[in-house]
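Novice: give me the fold of what follows.
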Amino acid sequence: MSAQPASAPVPEPAPGRQPSGLFIRLKGHLSLTRVQATLGIIAALLSIGGALYGYLRPGKTVSADKGEIVTIVEDRAGKPVGDAMVEVLTPKDALVTSLASTAGQAKRELKEGTYRLRVTHPRYATEVRQIQVVAGQSAEIRVRLAPRAAPASPTERAVNEGVEGLKKIFR
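Specialist: This is a model prediction of the structure:
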């Protein structure tokens, strides 16, 4: 009889040296196309998430030395007046900016200080207000416009009708 040499026991692999069974199974399922597809999907989700954040994030904050005014233009019945011209003037009547109201609202960020607000519309009488802009705050200013008095002369009426006709053409 021949004697077989006793085999030495197999030592345990050192931790971290050889892959575990899970890694070996995972490696069998991975391919370059799967890795690329996974990274592509992650990139797409990050891109969409970034776009949604930019769209849905809260409005921009007002800077430290500026305040915001929101002018709401209405008629006497409380209905919004579109196409009104909102002018922001200094106390000495120098024009700072002019805004067109859309759907009865006009917004603007202004430096802190005192201003005059003039709201005009062809069908309504002009309104002028003194306003104070406070840094870091938003102020809502409601302006109710009264109907304009009827033109005194036929010439003035004809001019106003001509202007209104031109406005209708360019709308």
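Novice: any low-confidence regions in the protein?
Specialist: Within the chain, the ranges that satisfy pLDDT under 70 run 1-20, 58-63, 150-152, 171.
Novice: domains of it?
Specialist: The chain breaks down into these domains under automatic domain parsing: 21-56, 66-155.
Novice: adding mean neighbour count and distance to residue 165 as columns, could you present those in a markdown table?
Specialist: (Each C-beta comes from the backbone N, C-alpha and C, glycine too.) Formatted as a markdown table, the domains of the chain follow (neighbours: other C-beta atoms under 10 Å; distance: least, C-beta to C-beta, whole Å):
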| stretch | mean neighbour count | distance to residue 165 |
| --- | --- | --- |
| domain 21-56 | 9 | 41 |
| domain 66-155 | 15 | 12 |
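Novice: in the protein, which helix is the longest?
Specialist: Longest helix of the chain, by residue count under DSSP state H: helix 32-56.
Novice: now for residue 143: which residues touch it?
Specialist: 71, 72, 73, 74, 117, 119, 127, 129 (C-beta atoms under 8 Å, 6 or more residues apart in numbering).
Novice: secondary structure and distance to residue 55 added to those, as CSV?
Specialist: Formatted as CSV, the contacts of residue 143 follow (DSSP: H, G, I helix; E, B strand; the rest coil; distance: C-beta to C-beta, whole Å):
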residue, secondary structure, distance to residue 55
71, strand, 26
72, strand, 25
73, strand, 28
74, strand, 30
117, strand, 31
119, strand, 32
127, strand, 36
129, strand, 34
